[in-house]
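In: compute the structure for the input listed below.
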Amino acid sequence: MSGIGSSVDDRAPHRFRRRLTAAFLIVAAVSAGVVAVVTFVLAREYRWRNFRAASLREARIALAFAPRDLDHESFTRLREAYEQRSEADMIASQGGRTFSSSPSRNLSDVPPSLVARDIDQEPAVVEDVVDGRDSLVVAAEGPAASRYYFFFSLEQLRESLGELGRVAAAGWAVTVVLAGAVGQVVARQTLRPVAAAAEAAEAIAGGDLDARLEAASRDEFGALAASFNHMADELKELIDQLNESAERERRFTADVAHELRTPLTGMSASASVLAEHLDDLPSSLRRVATVLVADVHRLRDLVLELLELSRLDRGTEPVLAEPLRLSDAVAAVVASAHLRRDAGIEIDLPDGLSVLAEPHRLRRILANLLDNAIVHGGGRVRISAEADGADVLVNVVDHGPGIAAGDEERVFDRFFKSDASRAATGSGLGLSIARQHALAQHGELFLGDASAGATCFTLRLPAAAPPATEVRPHAVAQP
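Out: A predicted model of the protein is given here:
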């Protein structure tokens, strides 16, 4: 019992593996994307709240040191102390006087909503664009009816959030790439037992009945391997039994035919002598003698066909194929003595069409097909041929009642006779013998397409270049 390796054939289909990898990748991408988005949103909210809280804290610290009476000197001291803690701009106003920490900042920069808002209790915060820059403006009430405005730039916060977004996107991309690689590995490892099962099944289908799976695990794949191996064992045993039965049947057929051949030879000789003296017999015995002679000849033909089938089954006879002109082969068979002289045979063969075949085997195939068509097809037969790539198709069409529905798959079975042809004298082995000869020559014989009320048998044989010398008809006709 041979084990099957776990490597996957490069030619094997990988669609399911790709779908499994894609599913793993999609799940990982969606999960990582959700985590990245949620993380970014929460971090942005957290940083925004911290920035707002820090801005309010800085504003309250500055107000704690704000003088009651604002003048240039007191505001300068407050500004110098405040600038040591924060880079925000500050504007203070009291009694109609305005002081600014930056020459470019004045009361016109304060959002109108803050100017008009009542801020006696709590500082007011507004996000606005000041001088083209995103800013957070805090307004607070100072001592002695003074009012202070603090301008905190949001650009650093925006840059920080942008950097956070880029980091999150890069992290998501790296996660997706890693997930794809991991998914590929996981899919390959997961489906390796399935690939091994497919290889084993293909090996068994190819004739290696000893192919088995390695049941190395105790999971579902281990159970699958055990079931597969059990099925393969049962299948091998069944096939062995069938082969033994077929071999016994072939030996029995060959032995019976061999045993009958010797007495039939004597019976045939006696029947031939009896046939020559039928006219000398009394009329009461003449009919019985005629039936006896016909039955002896029929039994002789049957035994000869059984012997021929036995030789074909063994496959020991070499096939000596050679280029043959199809027109010469058909003409030789049509001219043979065993075909009915009154048969209407129409031949339609292109010039120069040749096949690679053994003369005797080709003659046997054509003779069987023509005899079958003449006997069962009402006497009118048409033979045609055509090139089909590297092959040649030979069609033998009769104009009889056609093949009955349901009998199409059985016409090549041995001893098969349709209900309409049981009264005929054939043995039911002719088509089977013809197909065996076709297969032996790397050809094929099958039921072709024909119009209603007709039967077409098509012979496919390898095409060949025309032989250099003319093939004489009798060279093909003689068995």
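In: can you pull the buried residues of stretch 188-205?
Out: Neighbour counts using 16 or more other CB atoms under 10 Å place 191-193, 195-201, 203-204 of stretch 188-205 among the buried residues. Quick note: C-beta positions are derived from backbone N, CA and C, even for glycine.
In: assign residue 149 to helix, strand or coil.
Out: Three-state call for residue 149 (DSSP: H, G, I helix; E, B strand; the rest coil): strand.
In: how close does the residue nearest to it when sequence neighbours are not counted sit to residue 124?
Out: Nearest residue to residue 149, sequence neighbours excluded (CB to CB, 6 or more residues apart in numbering): residue 91, at 4.4 Å. Noted for residue 91: a distance of 14 Å to residue 124, by CB to CB, to the nearest Å.
In: more neighbours: which of these two?
Out: residue 91 (22 against 17; other CB atoms under 10 Å).
In: tell me what the helix or strand encompassing the more buried one is packed against?
Out: According to DSSP states H and E, residue 91 maps onto strand 89-94. With contacts taken as 3 or more CB pairs under 8 Å, 6 or more residues apart in numbering; DSSP states H and E, strand 89-94 sits against helix 72-83, strand 97-100, strand 147-153.
In: please enumerate the strands of the protein.
Out: 2-3, 89-94, 97-100, 124-130, 133-141, 147-153, 211-212, 322-325, 344-348, 354-357, 380-388, 391-398, 444-447, 455-462 (DSSP state E).
In: tell me which strands the last one pairs with, and in which orientation.
Out: Partner strands and pairing direction for strand 455-462 (DSSP bridges) are strand 391-398 (antiparallel), strand 444-447 (antiparallel).
In: ditto for the fourth one
Out: Next to strand 124-130 in the sheet, as set by DSSP bridges, lie strand 133-141 (antiparallel).
In: would you mind listing the buried residues in the partner strand?
Out: Of the residues in strand 133-141, those buried by neighbour count under the rule 16+ other CB under 10 Å are 135-141.
In: burial measure for residue 405, as a count.
Out: Neighbour tally, residue 405, other CB under 10 Å: 6.
In: tell me the confidence at residue 355?
Out: As predicted, residue 355 sits at a pLDDT of 90.
In: do the same with residue 311
Out: Listed pLDDT for residue 311 reads 72.
In: and for it, nearest residue in space, chain neighbours not counted?
Out: Here the residue nearest residue 311, using CB to CB, 6+ apart, is residue 317, at 5.8 Å.
In: so what's residue 448 up against?
Out: By CB atoms under 8 Å, 6 or more residues apart in numbering, the residues touching residue 448 are 395, 397, 456-458.
In: show me the contacts for the residue nearest to residue 149.
Out: Residue 91 neighbours (CB under 8 Å, 6+ apart): 98-101, 105-107, 109-110, 148-149, 151.
In: same list (the buried residues of strand 133-141) but as CSV, adding distance to residue 251 and pLDDT.
Out: Formatted as CSV, the buried residues of strand 133-141 follow (distance: CB to CB, whole Å; pLDDT from 0 to 100):
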residue, distance to residue 251, pLDDT
135, 105, 85
136, 103, 87
137, 108, 88
138, 109, 88
139, 113, 87
140, 114, 86
141, 118, 85
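In: domain assignment for the chain?
Out: Following automatic domain parsing, the chain resolves into domains at 221-314, 322-477.
In: about what we covered before: can you say which of the strands of the chain is packed in most?
Out: Comparing the strands of the chain by mean neighbour count (mean count of other CB atoms under 10 Å), strand 354-357 ranks first with a mean of 24.
In: residues touching that one, excluding its own?
Out: 321-326, 329, 362, 392, 394, 441, 443, 461-467.
In: tell me how many other residues surround residue 142.
Out: Using other CB under 10 Å, the number of residues around residue 142 comes to 19.
In: looks like it contacts residue 63 (just checking).
Out: Yes: contact between residue 142 and residue 63 holds when scored by CB atoms under 8 Å: they sit 5.5 Å apart.
In: okay, and the common contacts of the two?
Out: By CB under 8 Å, 6+ apart, the residues touching both residue 142 and residue 63 are residue 148.
In: for the stretch 301-450 of the chain, what spans make up the helices?
Out: 326-334, 359-376, 430-440 (DSSP state H, counting those that start in this stretch).
In: hang on, the earlier thing: let's have the helices and strands packed on strand 89-94 in a markdown table, adding distance to residue 333 and mean pLDDT.
Out: Shown next, in a markdown table, are the helices and strands packed on strand 89-94 (distance: least, CB to CB, whole Å; pLDDT from 0 to 100):
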| stretch | distance to residue 333 | mean pLDDT |
| --- | --- | --- |
| helix 72-83 | 118 | 84 |
| strand 97-100 | 120 | 88 |
| strand 147-153 | 105 | 88 |
